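J.: Pasting a predicted model and its sequence here:
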Amino acid sequence: MSDLHQEKPVKSLLDQVRIVLVNTSDCRNIGSAARAMKTMGLSQLILVDPIEMPNGQAQALAAGATDVLANAKVVSTLEEAIEDCGLVVGTSARSRTLPWPMLEPRGCGEKMIAEATEYPVALVFGRESSGLTNEELQLCHFHVQIPANPDYSSLNLAMAVQTLSYEVRTSYLLAHDQAYQERSTGNGNSIAKPISEDDEAYPVVDETERFYEHFEKALKATGFIVENHPGLVMTKLRRLFNRARPDVKEIKMMRGILASMERTAKK
Ligand SMILES: C[S@@+](CC[C@H](N)C(=O)[O-])C[C@H]1O[C@@H](n2cnc3c(N)ncnc32)[C@H](O)[C@@H]1O
């Protein structure tokens, strides 16, 4: 059979899980993160604007995971890294002033595996020195915090990748590996549904972002948002819609409502 007629291999569920490292300054952490990922069966590494590109030191720390490093995709913004993802979870060692819907590491692993059947999902990690910015965290549907020692809660970047990748793997095995399931029966684990209450799929980030842009434009047109003094309106709306988690049909309906308001305003 020629290559043309060969079927494309179905992407493994774990290949739908993306590890996104934002603005990493020490490439040794990138190498260690690649190793952490591969031990848990993950392969999709995205580097957002790394300060130091992976070099020999990163390769040394990646050990047997140089393939993950070599295949890492480099992009310049977080938006690019997640635009086709239906679920994005941001990681943070500390609570932020504007609280966001939170997941525990276990629930995070379950949710990622449940939703990876529908679209790519992403776990986003921040800078070694300052973590993720508030704007970056607000691009995420949920936040996850590893419940570390409250007096010293900031893990090394690669160790945080290891911890959360382990949770993703455990959930994957519980949902899809019969031998593992048999060993773990009766422990009360269950996997969350990947779809909304009405059995509709959730939108990917790009669709949701276009909805927020539309919403902001409409609110500026009505004067509810003042151009040079936007305040926290959009941030609070993002939080509200993240909590509600509208599905594809609901987002379409919201955009229809916005369009009808715009038409009426023009008349
Ligand atoms: C060294 S930490 C950054 C610490 C930074 N000083 C801060 O306050 O956010 C680097 C990254 O590892 C991850 N991380 C470290 N500890 C974590 C924790 N307890 N829970 C979740 N993520 C954590 C986050 O992605 C964080 O941005």
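T.: Now that the structure is in, tell me what you want to look at.

J.: Just the element for the closest residue to V68 other than its chain neighbours, please.
T.: The spatial neighbour of V68 that comes closest, neighbours along the chain excluded (CB to CB, 6 or more residues apart in numbering), is A34 at 4.1 Å. Yep, even glycine has a C-beta here, placed from its N, CA and C like the rest. Per DSSP states H and E: A34 is located in helix 27-39.

J.: The next helix or strand after that helix to helix 27-39, inter-axis angle?
T.: Toward the C-terminus, helix 27-39 is succeeded by strand 44-48 as the next helix or strand (DSSP H and E). Interaxial angle, strand 44-48 versus helix 27-39 (axes from the mean of the first three to the mean of the last three CA atoms, to 10 degrees): 160 degrees.

J.: Number the chain from 109, please
T.: That works, and once the first residue is 109, the last one we named lands at strand 152-156.

J.: Relative to the ligand, how far out is the residue lying closest to A144 once chain neighbours are set aside?
T.: Closest residue to A144 apart from its sequence neighbours, by CB to CB, 6+ apart: Q270 at 3.8 Å. Look at Q270 and the ligand: by CB to the nearest ligand atom, to the nearest Å, they are 11 Å apart.

J.: Looks to me like Q270 is in a helix.
T.: Yes: judged by DSSP: H, G, I helix; E, B strand; the rest coil, Q270 forms part of a helix.

J.: For the stretch 109-258 of the chain, what lies in contact range of the ligand?
T.: The interface of the stretch 109-258 of the chain toward the ligand, taken as CB under 6 Å from any ligand atom, is made up of 199-202, 233-234, 236, 238-240, 253-254, 256.

J.: phi, psi of the spatially most central residue of the chain?
T.: In the chain, the centroid-proximal residue (CA atoms, centre = their mean) is V196; its distance is 2.3 Å. Note on V196: backbone dihedrals following degrees, to the nearest 10 are phi -130, psi 120.

J.: Now do it, the pLDDT please.
T.: What the model reports as pLDDT for V196 is 98.

J.: ok, which stretches of this structure are strands?
T.: Secondary structure of the chain (DSSP state E): strands located at 125-130, 152-156, 181-183, 195-199, 210-211, 229-233, 250-252.

J.: what about V128, how many neighbours?
T.: V128 is flanked by 25 other residues according to other CB atoms under 10 Å.

J.: again, but for the one 5 residues further on
T.: Number of residues near S133 (other CB under 10 Å) recorded here: 13.

J.: try R351
T.: 11.

J.: What separation is there between the residue lying closest to it once chain neighbours are set aside and G172?
T.: Counting by CB to CB, 6+ apart, P209 is the residue found nearest to R351 once chain neighbours are left out, at 5.6 Å. Per CB to CB, to the nearest Å, P209 is found 37 Å from G172.
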